[in-house]
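Student: Provide a 3D model corresponding to the input given below.
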Amino acid sequence: DFNKLHLQSYGISINLPREPLNNLGYKFPVDTKVNSPVFANLTIDGIVESGNSGSLVDLISINSGYDFTIKVDPRGCVKSTAAPINAGTIPINTEVESLRYTFLGAKLESFNYETSIGDNKTFNASFTVEINPDDQTKGLFISGVLGMEKVEDFILLEGTPYGGTDQNGYYLQQETDDLLVT
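Tutor: Here you go, the predicted model:
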């Protein structure tokens, strides 16, 4: 039962195996294509709230795929000391989640408990999921805004661009020195 586990740290890795594409008349590969399948690996460490009981055979037989989400809370992220930027409808300083990792159909590779006298019982788990762009029912999906300061690369501004033509109140502008807040 993963509901009684408190996550302390996580790590995500994606291995992209590539194969060089050679062509006649060229010394070096023309391109390096990504080989299928591509797998994402997740390792999590944490504290166990309470003990569980059950059959190991049941755990192995129900390993048909786990769906879960890791949400990064913006209150735990370092706050910017710069003045807030008004960028139209893009939320720069809001309390929405900064980042979300969604795993669909992840397979449990390993699960370890560790306990010692006087300490909390800790666990370590490892999951693997196949990433297939043609199958949206399983895989790793990443969403959110990370690095709020870089949203200004292309921000939505109210008003009219330098050319003076009206863009229904909104237009995109690439980051320049004019966008710096002092």
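
Student: what helix or strand is Asn124 on?
Tutor: Using DSSP states H and E, Asn124 falls within strand 122-131.

Student: list the helices and strands that strand packs on?
Tutor: strand 5-15, strand 38-48, strand 99-114, strand 139-144 (3 or more C-beta pairs under 8 Å, 6 or more residues apart in numbering; DSSP states H and E). All C-beta atoms are positioned from the backbone trio N, CA, C, and that covers glycine.

Student: so can I have a markdown table of the ones you listed showing distance to Asp73?
Tutor: A markdown table is the format used below for the helices and strands packed on strand 122-131 (distance: least, C-beta to C-beta, whole Å):
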| stretch | distance to Asp73 |
| --- | --- |
| strand 5-15 | 12 |
| strand 38-48 | 16 |
| strand 99-114 | 9 |
| strand 139-144 | 11 |
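
Student: which one of these is the most hemmed in?
Tutor: strand 38-48 (a mean of 17; mean count of other C-beta atoms under 10 Å).

Student: so what touches it?
Tutor: 4-17, 101, 103, 106, 109, 113, 120-132, 139-140 (C-beta atoms under 8 Å, 6 or more residues apart in numbering).

Student: what pairs with Thr32 across the strands?
Tutor: Pro20 (DSSP bridges).

Student: surely it and Pro20 touch.
Tutor: Yes: under the criterion of C-beta atoms under 8 Å, Thr32 makes contact with Pro20 at 5.3 Å.
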